[in-house]
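Visitor: Provide a 3D model corresponding to the input given below.
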Amino acid sequence: MKNIFDIEQFHQFDNLGLIAREVVEGFITGLHRSPFHGFSVEFAEHRLYNQGESTKHIDWKLFARTDKLFVKQYEEETNLRCQLVIDTSSSMLFPYHKGKKHLQNKLAFSVYTAAALIYLLRKQRDATGLTLFSDEIEFHTAPRLSSVNAELMYGKLSELIQPENAHLRKNTNTTEVLHQIAENIHKRSLVVLFSDMIDSSETDELFSALQHLRYNKHEVILFHVTDHRQEREFDFSNRPHKFVDLETGQAIKLNPWEVKNRYVSSVKSYFNDLKVKCGQYQIDLAEADINKDFKEVLLAYMVKRKQLF
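Guide: Predicted coordinates:
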């Protein structure tokens with residue numbers, strides 16, 4: 001399964017654990033066939049025993065099979081602590097289809113990509129946490145390696161793609177939430193943020209919140225989630241359309257072709273500023289077009305992890 005279009009054809013698309021495994025295994029197979037085959041995606045759950053250290057955590061059953069001393073690795077010995085942060089505001093439901101189990105929107109793309117990252121992180125013995133937010137933090141669990149924590153995260157993510165939970169007029173307060181996250185994550189972590197970066201705050205305030213994460217020594221990847229064709233290129237037919245703000249309910253009628261050049265120019269200017277600011281703050285910015293494959297996001301994560309370790 002390479003993208004949300006594949007998943008929509010799959011009759012078990014509610015089973016995030018299964019889908020995450022299929023996405024990651026396909027991604028790993030692709031890596032082995034590509035110039036990126038050097039990326040390590042397998043991490044042992046044991047390490048060799050070092051002479052002189054405590055024998056408390058030696059795996060004696062494994063010793064009986066191999067005649068070698070291995071120590072069980074526990075959560076505090078994981079390689080990385082990662083906090084996945086997902087914007088769940090109404091703008092993430094675009095393109096919106098009322099009452100339908102529609103997976104081809106920004107939120108569904110973020111959910112399935114995050115689920116794949118949880119699977120990949122656990123495969124690499126990395127502790128993973130999840131934060132969901134709109135105008136406030138709706139759910140938060142600190143990074144852990146346990147299977148119980150993974151099932152809890154999969155369960156929360158699964159709820160987000162249910163039609164009855166697709167709430168309109170749910171605003172975003174990315175600025176305030178990012179400040180809270182920066183203060184709440186006490187140990188140095190990799191923060192992976194999925195958001196369309198549509199926020200009512202002033203641009204400088206939003207950038208200040210991103211800078212706060214870096215000031216607290218966290219590494220940050222910002223996946224800018226968009227429907228590139230409609231939101232960036234404003235690709236609509238040449239006829240009158242009614243555009244509705246999913247967060248405020250405000251509506252406007254217009255012919256897209258009459259404002260297309262001005263719209264595209266304005267959007268391009270904003271995201272160029274975003275790129276510049278992220279570069280200044282040493283934040284990795286990656287485009288996450290919902291019309292493309294998950295591998296774009298997974299590979300960006302792998303590149304970042306390789307830089308850290």
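
Visitor: got a list of what Val225 touches?
Guide: Going by Cβ atoms under 8 Å, 6 or more residues apart in numbering, Val225 touches 87, 92, 106, 109-110, 194-196, 288, 290. Using the backbone N, CA and C atoms, a C-beta is placed for each residue, glycine as well.

Visitor: Adding pLDDT, distance to Phe271 and secondary structure, write these out as CSV.
Guide: Output for these, formatted as CSV (pLDDT from 0 to 100; distance: Cβ to Cβ, whole Å; DSSP: H, G, I helix; E, B strand; the rest coil):
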residue, pLDDT, distance to Phe271, secondary structure
Asp87, 96, 16, strand
Met92, 95, 17, helix
Lys106, 96, 15, helix
Phe109, 95, 18, helix
Ser110, 97, 18, helix
Phe194, 97, 16, strand
Ser195, 95, 13, strand
Asp196, 93, 11, coil
Ala288, 95, 13, strand
Ile290, 95, 16, coil
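
Visitor: of those residues, closest to Asn79?
Guide: Closest approach to Asn79 among these (Cβ to Cβ): Phe194, at 22.1 Å.

Visitor: any idea how far Thr131 is from the nearest residue to Thr248 once chain neighbours are set aside?
Guide: Leaving aside its chain neighbours, Thr248 sits nearest to Arg169 (6.7 Å; criterion: Cβ to Cβ, 6 or more residues apart in numbering). Distance of Arg169 to Thr131, computed by Cβ to Cβ, to the nearest Å: 22 Å.

Visitor: try Leu157
Guide: The gap separating Leu157 from Thr131 is 12 Å, by Cβ to Cβ.

Visitor: Please apply the same query to Glu164.
Guide: Using Cβ to Cβ, Glu164 is found at 22 Å from Thr131.

Visitor: swap in Lys260?
Guide: Noted for Lys260: a distance of 36 Å to Thr131, by Cβ to Cβ.

Visitor: And these two? Which one has more around it.
Guide: Just comparing Lys260 and Thr131: by other Cβ atoms under 10 Å the higher neighbour count belongs to Thr131, 21 against 15.

Visitor: Quickly find the element holding the more buried one.
Guide: Taking DSSP states H and E as the criterion, Thr131 maps to strand 127-133.

Visitor: Need the CA coordinates for the helix or strand following that strand. CSV is fine.
Guide: Downstream of strand 127-133, the next assigned helix or strand under DSSP H and E is strand 137-144. Written as CSV, here are the backbone C-alpha positions of strand 137-144 (Å, rounded to 0.1, in the frame of the first residue of the first chain):
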residue,chain,number,x,y,z
ILE,A,137,-4.3,19.6,23.2
GLU,A,138,-6.9,16.8,22.8
PHE,A,139,-4.8,13.8,23.6
HIS,A,140,-1.2,13.3,24.7
THR,A,141,0.9,10.3,25.6
ALA,A,142,4.6,10.4,26.4
PRO,A,143,7.1,8.3,24.3
ARG,A,144,7.1,4.7,25.3
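
Visitor: what are the pairing partners of strand 137-144, and which direction each?
Guide: Strand 137-144 pairs in its sheet with strand 127-133 (antiparallel), by DSSP bridges.

Visitor: low-scoring stretches of the stretch 51-200 of the chain, by residue?
Guide: 72-78, 99-102, 200 (pLDDT under 70).

Visitor: Could you pull out the strands in the stretch 151-300 of the chain for me?
Guide: 190-195, 219-226, 241-244, 251-254, 284-289 (DSSP state E, counting those that start in this stretch).

Visitor: My error: substitute the stretch 1-150 of the chain in the last question.
Guide: 46-48, 70-72, 81-87, 127-133, 137-144.

Visitor: That's all I had, so thanks and see you.
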